[in-house]
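S.K.: Generate a structure from the sequence data that follows.
(2 chains)
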Amino acid sequence: DSGVTQTPKHLITATGQRVTLRCSPRSGDLSVYWYQQSLDQGLQFLIQYYNGEERAKGNILERFSAQQFPDLHSELNLSSLELGDSALYFCASTWGDRGNLLFFGEGSRLTVL
Amino acid sequence: ILNVEQSPQSLHVQEGDSTNFTCSFPSSNFYALHWYRWETAKSPEALFVMTLNGDEKKKGRISATLNTKEGYSYLYIKGSQPEDSATYLCAFMGYSGGGADGLTFGKGTHLIIQP
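M.R.: Presented below is the predicted three-dimensional model:
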């Protein structure tokens, strides 16, 4: 158990809908990363937050947004969902804003029908 | 788009043999290189972070080396055991003017240890 909690574990929804994925980092960690893993793809970096502020941005679509709240939990919002958004979404946390090893949650599997 | 390449994509090794695989990454604007172990149906588990050229890290039978000038890192497993079967991921963090960039992962080396 890494100490990182992601909810929901599984989510099935329809195209055009909007979903929110939630991540609670390990106790004491200030940084949260979001990754997407699609079929046959590696982990694609989406976005990083550190202590409530956006720190780095990867290939995150405009339909996706994220935030980190004062209690340090983070949410990834996915809107106008398309079939291609079906993937495993991982959250990872670490204490610093750069360089430190990440601790991954178990992921949220999103299926868009 | 950062290019982080891992080779080989997959590897079959006999139990007891030693093995190694490679991660290639940009040699400029280096900040850190990570290694993770990812077992099927689980989440990636941290192994090492390396930040200095020439760094060597060891954890049990697994070790890693780093060459930032030429942009590669090797992961070694000595005396492979069936429980070493997993996908091994490397991840590169660069440094731009605004600070460290996000962590970019390679696609991994899928290691299968055959009894």
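S.K.: Give me the sheet partners of the longest strand along chain B and which way each runs.
M.R.: Looking across chain B with DSSP state E, the single longest strand is strand B:86-96. Paired with strand B:86-96 in the same sheet, following DSSP bridges, are strand B:30-38 (antiparallel), strand B:99-105 (antiparallel), strand B:109-114 (antiparallel).
S.K.: Low-confidence bits of chain B, can you list those?
M.R.: Low-confidence segments of chain B, defined by pLDDT under 70: B:1, B:97-100.
S.K.: now with 80?
M.R.: For chain B, residues meeting the criterion pLDDT under 80 lie at B:1-2, B:95-101.
S.K.: For it, which residues are neighbours of chain A?
M.R.: B:1, B:31-32, B:34, B:36, B:42-46, B:48-49, B:51, B:89, B:91, B:93, B:99-108 (C-beta under 8 Å from any C-beta of the partner chain). Using the backbone N, CA and C atoms, a C-beta is placed for each residue, glycine as well.
S.K.: Can I have the buried ones of those residues as a PyMOL selection?
M.R.: Those of the residues of chain B next to chain A that count as buried under 16 or more other C-beta atoms under 10 Å in any protein chain shown are selected in PyMOL with:
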select buried, chain B and resi 31+32+34+36+43+44+45+46+48+49+89+91+93+100+101+102+103+104+105+106+107+108
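S.K.: Provide the secondary structure category for residue B:83.
M.R.: The three-state label given to residue B:83 by DSSP: H, G, I helix; E, B strand; the rest coil is helix.
S.K.: on that earlier part again, so can I have CSV of the strands paired with strand B:86-96 showing distance to residue A:81?
M.R.: CSV is the format used below for those (distance: least, C-beta to C-beta, whole Å):
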stretch, distance to residue A:81
strand B:30-38, 26
strand B:99-105, 23
strand B:109-114, 30
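S.K.: The residue nearest the centre of chain A sits in which helix or strand?
M.R.: By C-alpha atoms, centre = their mean, chain A has its centre lying nearest to residue A:34, at 3.4 Å. Using DSSP states H and E, residue A:34 falls within strand A:31-37.
S.K.: who touches residue 46 in this structure?
M.R.: In the absence of a named chain, this looks at chain A. For residue A:46, the contact set (C-beta atoms under 8 Å, 6 or more residues apart in numbering or on different chains) comprises A:33, A:34, A:35, A:36, A:57, A:58, A:59, A:60, A:64, A:66, A:76.
S.K.: I was thinking of chain B, sorry if that wasn't clear
M.R.: Neighbours of residue B:46 in contact, by C-beta under 8 Å, 6+ apart: A:101, A:102, A:103, B:34, B:35, B:36.
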